[in-house]
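Visitor: Compute the structure for the input listed below.
(one chain, ligands or ions: 3)
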Amino acid sequence: MATSLSQAYRDTHLQPKHIIPLDFDTVHELPESHAWIQTDEFSRAAYQIRVNQSPATVPVIDLRSPDVVELMGNACRRWGMFQVTNHDVPSSLVDDVVEHAQRLFSLPAELKLKALRSPSGATGYGVARISPFFSKLMWHEGFTIMGSAAEHAQQLWPHHYEEFCDVMDNYQKKMKSLAYKILLLLLKSLGVDDQEDQQMDCSSASLYQSESALQLNSYPSCPNPNQAVGLAPHTDSLLLTILHQNDTNGLQIFQEGTGWTPVPPVPGALIVNVGDLMHIVSNARFPTVYHRVVPNNTRHRFSIAYFYGPPADSVVAPLLSSSEVQIPRFRPVKVKEYIGLKNKHLEEALHLIRV
Ligand SMILES: C=C1C[C@]23C[C@H]1CC[C@H]2[C@@]12CCC[C@@](C)(C(=O)O1)[C@H]2[C@@H]3C(=O)O
Ligand SMILES: O=C(O)CCC(=O)C(=O)O
Ligand SMILES: [Fe+2]
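Guide: Ligands and ions are numbered 1, 2, ... in the order given. The predicted structure follows:
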């Protein structure tokens with residue numbers, strides 16, 4: 001039987017102990033558990049490097065631009081990221097998703113814990129999946145949806161869970177078609193134009209089929225943001241991530257030589273970033289983006305991340321364009337095998353499949 005994405009995550013869970021989010025409503029100073037400043041992780045280069053104050057910023061691209069393929073290709077090669085406008089996702093739908101996320105995160109802590117993602121689960125309320133890799137906790141709480149959210153939403157709102165599920169389903173449908181559109185444009189910019197050619201090669205992923213996950217993120221205002229971490233630096237694992245952020249700064253990307261660059265919210269735009277699998281498919285022509293979230297003293301940040309990837313049972317391999325001579329930099333890897341490697345080795349996973 002085919003493995004679903006959620007099964008692939010369940011199969012390789014790595015959570016020795018059950019970590020639960022802080023009850024942010026009741027704390028007025030930064031607890032020891034969330035104070036990163038004295039840890040090795042905090043002083044490692046990635047944290048120390050200054051934040052670029054007047055940086056070049058990731059490009060904002062109009063999806064209807066006649067040069068969209070070139071613009072996106074350039075942005076992905078240079079940044080692994082861009083923001084997109086004219087994406088046809090109604091702002092009312094985005095607002096609806098954010099409102100439901102806000103409603104969820106403002107529930108009392110003991111109620112949210114009823115929908116806790118179990119250590120071996122995929123869907124539900126909880127800390128970021130990467131949390132066990134760090135000795136301190138993040139100033140963050142999340143709600144992950146893989147497949148149906150009904151079971152967990154019902155634990156929160158026994159009689160009114162359907163509306164939440166409908167909104168999340170609608171949003172995922174819209175995201176899916178946007179992600180597919182963007183994937184085709186990116187493949188075109190990589191010189192892989194021919195869908196038929198590719199599908200004949202049955203060893204490579206069926207990039208034209210997909211699975212996805214939705215992550216609602218909440219970063220409450222933080223009493224001591226300079227010593228805390230909203231979301232620790234990481235790369236996203238799948239092909240593409242499409243992110244909405246509310247009007248509160250916090251997202252930063254890391255680039256060699258430049259350091260951390262903020263990605264300020266652009267009203268109405270969605271952020272698109274390259275994930276590890278796209279890095280593999282592009283044969284490292286597109287970098288996978290190392291990013292983090294820093295907390296804010298006064299404002300509550302919310303973000304909605306949609307992760308788009310091929311089916312868990314399919315194989316991903318570098319797609320080499322016919323017009324350039326290239327040597328594959330990665331061996332072919334099954335999506336679920338890569339998820340397993342990532343869940344075990346985090347950023348080392350890509351090195352393990354390098355050839
Ligand atoms: C489909 C995905 C993508 C996941 C795992 C799973 C569902 C939740 C996603 C996140 C969301 C928060 C950051 C991250 C790093 C995390 O800890 O959970 C993401 C991770 C990934 O991109 O690897
Ligand atoms: O909140 C953000 O802007 C980042 C979220 C993120 O990186 C993720 O969910 O993977
Ligand atoms: Fe991310």
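
Visitor: Based on its surroundings, how many neighbours for residue 11?
Guide: As a burial measure, residue 11 scores 15 neighbours (other C-beta atoms under 10 Å). For the C-beta atoms, the positions are set from N, CA and C on the backbone; glycine is no exception.

Visitor: near ligand 1, which residues of the stretch 251-355 of the chain?
Guide: Residues of the stretch 251-355 of the chain lying close to ligand 1 (C-beta under 6 Å from any ligand atom) are 305, 307.

Visitor: what's the answer for the stretch 101-250 of the chain, then?
Guide: Within the stretch 101-250 of the chain, the positions near ligand 1 by C-beta under 6 Å from any ligand atom are 128-130, 144, 213, 215, 234, 236-238.

Visitor: Strands - which of these land there?
Guide: 144, 213, 215, 234 (DSSP state E).

Visitor: And ligand 2, is the top helix by length along the chain touching that?
Guide: Ranked by residue count, the top helix of the chain under DSSP state H comes out as helix 161-189. No: Helix 161-189 lies out of reach of ligand 2 by C-beta under 6 Å from any ligand atom, never closer than 13.3 Å.

Visitor: mean confidence for that helix?
Guide: For helix 161-189, mean pLDDT rounds to 97.

Visitor: Likewise for stretch 207-220?
Guide: 95.

Visitor: ChimeraX command to pick out the buried ones of the residues of the stretch 101-250 of the chain next to ligand 1?
Guide: Remark: buried members of these, expressed as a ChimeraX selection using 16 or more other C-beta atoms under 10 Å:
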select :128,129,130,144,213,215,234,236,237,238
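
Visitor: which among the residues of the stretch 101-250 of the chain next to ligand 1 gets closest to residue 223?
Guide: Ranked by distance to residue 223 (C-beta to C-beta), those are led by residue 128 at 20.3 Å.

Visitor: if I pick the closest one, what's in contact with it?
Guide: Counting by C-beta atoms under 8 Å, 6 or more residues apart in numbering, residue 128 touches 138, 140, 142, 231-232.

Visitor: Report the entries of the residues you listed that also contact ligand 2.
Guide: Okay, of these touching ligand 2 (C-beta under 6 Å from any ligand atom), that's residue 231.
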